[in-house]
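>>> pasted the sequence and its predicted model underneath.
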Amino acid sequence: MAQNTGTPGKGTGSSGTDSSRNSSGTGTSRTGTGAGPLTLAEFRALYRHLRSTCATATADRGALETITEDVVRAAAGQVRSGRTVTLAAPVETRQTADNPEPAGHRLVAPAKDEATARGLHFARDRFTMNVHGDADSHIDALCHVIYDGTMHNGVPVGSLSADGAHALNIDMARDGIVGRGVLLDIPGLRGTRWLEPGDHVTADDLAAAERRQGLRVGKGDLLFVRVGHRRRRDELGPWDAAGARAGLHPTALEFLAGREVAVLGSDGNNDTAPSTTEGVAFPVHVLALHALGIHLLDYLQFEDLLPLCEQEGRWSFLCVIAPLRLPAATGSPVNPVAVL
């Protein structure tokens with residue numbers, strides 16, 4: 001995504017931000033410190049550095065290679081209370097400022113005369129969805145990002161055709177992604193309800209959240225970074241998230257590469273808008289998917305998980321991510337489930 005190509009849900013949008021606040025002022029936050037705007041040259045140097053230092057950057061399955069059978073068995077040991085909770089938001093079927101192409105859902109049966117007729121009839125429905133929009137929870141396959149004419153690990157774009165993606169598609173995760181989930185709560189770290197659109201999370205923020213929450217992100221972890229996007233949307237209403245949203249600073253990907261994280265998810269898009277990087281609209285997507293082979297989960301929700309973590313006094317859990325079986329797709333709607 002080196003350029004904005006007009007892909008629905010992944011546009012750069014306007015340069016302004018939605019400055020509305022919670023009336024109590026609790027929605028405000030300080031801007032992430034320790035990392036400023038990046039020039040294109042600085043971004044390319046960061047890209048090359050991550051590619052050269054990350055052990056899984058050229059692996060066939062990308063960072064999923066870090067989730068070994070031993071990692072899964074250890075993750076199963078995270079289960080204590082047995083409580084389960086979704087990390088997905090309900091699918092949106094209404095048009096809003098951040099969802100100009102909402103998912104479609106309608107009943108196609110029974111017909112009106114069938115509904116009251118004697119005998120057996122079925123209720124049936126049909127769904128349509130722009131998978132990579134700015135409202136619905138979804139997972140990005142490694143083929144989702146094209147940068148400098150290639151996909152992850154140099155795979156040529158010729159593997160993409162009108163009938164689908166024939167390499168690096170979401171079928172790579174057909175057996176599910178199961179591991180230790182870790183939630184880092186950045187608004188909790190900063191003492192605010194959410195990060196304002198345009199704010200960003202730095203590597204220092206991630207390390208500080210670890211210390212505050214008493215854990216350490218490790219190899220093969222499924223890392224979830226809360227910026228409070230969903231809480232802000234619930235309380236203040238939808239806004240043009242394509243043009244203004246909180247996310248990670250590109251240099252925060254050094255933290256993920258150093259810890260050998262397998263998956264990154266956020267309650268926003270993972271990328272800040274407006275972009276912090278000259279000439280690159282989605283630098284975090286480029287670094288995660290293209291450089292490091294880290295699958296991304298966008299627009300999750302952690303407002304159900306957050307109180308459970310606070311009640312139990314721990315921020316790690318068994319997590320199961322099960323994309324749909326869409327063999328040639330660039331992503332999938334997703335409903336990750338945390339098991340505490």
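Ah, there it is.

>>> so residue 302 lies in a helix, does it not?
No: counting by DSSP: H, G, I helix; E, B strand; the rest coil, residue 302 is not found in a helix; it is coil.

>>> check contacts around it.
Under the criterion of C-beta atoms under 8 Å, 6 or more residues apart in numbering, the neighbours of residue 302 are 87, 183, 185, 224, 226, 230, 267. Every C-beta, even on glycine, is put in place using the N, C-alpha and C of the backbone.

>>> off-centre distance for the strand or helix carrying the second one?
Here residue 183, judged by DSSP states H and E, is contained in strand 177-185. Relative to the centre of its chain, strand 177-185 is centred 12 Å away, using C-alpha atoms, centre = their mean, to the nearest Å.

>>> what does stretch 84-99 give?
For stretch 84-99, the distance to the chain centre is 13 Å (C-alpha atoms, centre = their mean).

>>> residues contacting it, please?
Residues contacting stretch 84-99 (C-beta under 8 Å, 6+ apart): 102-105, 127, 129, 133-137, 224, 230, 233, 237-242, 265, 299-302, 304-305, 308, 319, 333-340.

>>> what's the span of that stretch from first residue to last?
Stretch 84-99 stretches 28 Å from its first residue to its last (C-alpha to C-alpha, to the nearest Å).

>>> kindly export the lowest-mean-pLDDT helix or strand in the chain (C-alpha atoms) in PDB.
None of the helices or strands of the chain scores lower by mean pLDDT, DSSP states H and E than helix 112-115, at a mean of 80. C-alpha atoms of helix 112-115 as PDB (Å, rounded to 0.1, in the frame of the first residue of the first chain):
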ATOM      1  CA  LYS A 112     -44.400 -14.700   2.300                       C
ATOM      2  CA  ASP A 113     -46.800 -17.500   1.400                       C
ATOM      3  CA  GLU A 114     -44.400 -20.200   2.800                       C
ATOM      4  CA  ALA A 115     -44.100 -18.600   6.200                       C
END
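
>>> could you say what helices and strands that helix packs with?
Contacts defined by 3 or more C-beta pairs under 8 Å, 6 or more residues apart in numbering; DSSP states H and E place helix 112-115 against no helix or strand at all.

>>> re the thing from before, inside helices: which ones of the contacts of residue 302?
When DSSP state H defines the helices, the subset of the contacts of residue 302 inside them is residue 230.

>>> related to what we said a few turns ago, give me the subset of the contacts of stretch 84-99 lying in strands.
Among those, the ones falling in strands (DSSP state E) are 104-105, 127, 224, 265, 319, 333, 337-339.

>>> nearest to residue 179 among these?
residue 319 (6.3 Å; C-beta to C-beta).

>>> count of neighbours near that closest one?
Neighbours of residue 319 under the rule other C-beta atoms under 10 Å: 25.

>>> dump the residue contacts of the nearest residue to it once chain neighbours are set aside.
The spatial neighbour of residue 319 that comes closest, neighbours along the chain excluded (C-beta to C-beta, 6 or more residues apart in numbering), is residue 181 at 3.1 Å. Applying C-beta under 8 Å, 6+ apart, we find residue 181 in contact with 221-222, 224, 316-319, 336, 338.

>>> what of residue 126?
104-106, 108.

>>> looking at those, which is nearest residue 288?
Taking the contacts of residue 126 together and measuring to residue 288 by C-beta to C-beta, the closest member is residue 104, at 29.4 Å.
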